[in-house]
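J.: sequence first, then the predicted structure:
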Amino acid sequence: MPHPIMFREDDPVLARVRAIALGFPEAFEKVSHGRPAFFVTKMFVMYGGSVKPETKGAHYHHYPQSIMVKVDESDRRALEQDRRFFFPAYLGPAGWLGLDLASKKVDWTEVTELIDASYRLVAPKKLIARLDQA
């Protein structure tokens, strides 16, 4: 059974994330688990996320306007101190964090930097070199 679609195509926050993510060399988008996900050889950003409940039987807490990015371990502790970040269900244990973008004061420079760092963690070296030349 396929996952239900968990985003709106007319979401202006998704449009900004999409423009950033698709600006990276050879990046492409596909829907994965009902959410827009951006790949190079591996996924480097997913739009929308959720947090697993601590109480058995409780509902997941959803962040429909958020990004999930892979983070370097050297940055993880500092990012986890910021309340805008969350430990996403399923991807968290694999080195990912989520950033809630529902605030009216989104720092798009920070979002771009997080997506860039995530891309660099998964992209082949030749594409990182191409990115650095641009």
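T.: Yes, it's here. Residues are numbered from 1 along each chain as shown.

J.: centre of the chain to the least confident helix or strand in the chain by mean pLDDT, how far?
T.: The helix or strand of the chain with the lowest confidence, counting by mean pLDDT, DSSP states H and E, is helix 73-80 at a mean of 93. Relative to the mean C-alpha coordinate of its chain, helix 73-80 is positioned 15 Å out (CA atoms, centre = their mean, to the nearest Å).

J.: quick one: strands adjacent to the following helix or strand past that helix?
T.: Per DSSP states H and E, the first helix or strand lying C-terminal to helix 73-80 is strand 85-86. Using DSSP bridges, strand 85-86 pairs in its sheet with strand 96-100 (antiparallel).

J.: what's the partner strand in contact with?
T.: 49, 51, 63, 65-71, 76, 79-80, 84-88, 111, 114 (CB atoms under 8 Å, 6 or more residues apart in numbering). In short, each C-beta sits where N, CA and C put it, glycine included.

J.: how far away is the nearest residue to Phe86 once chain neighbours are set aside from Arg76?
T.: In space, and not counting its chain neighbours, Phe86 is closest to Gly98: 4.4 Å by CB to CB, 6 or more residues apart in numbering. According to CB to CB, to the nearest Å, Gly98 and Arg76 sit 13 Å apart.

J.: which of these two has more residues huddled nearby?
T.: Legend: neighbour count by other CB atoms under 10 Å for Gly98 and Arg76, higher for Gly98 (23 against 14).

J.: if we can go back for a sec, and the least confident helix or strand of the chain, what does it pack against?
T.: When contacts are defined as 3 or more CB pairs under 8 Å, 6 or more residues apart in numbering; DSSP states H and E, helix 73-80 packs onto strand 96-100.
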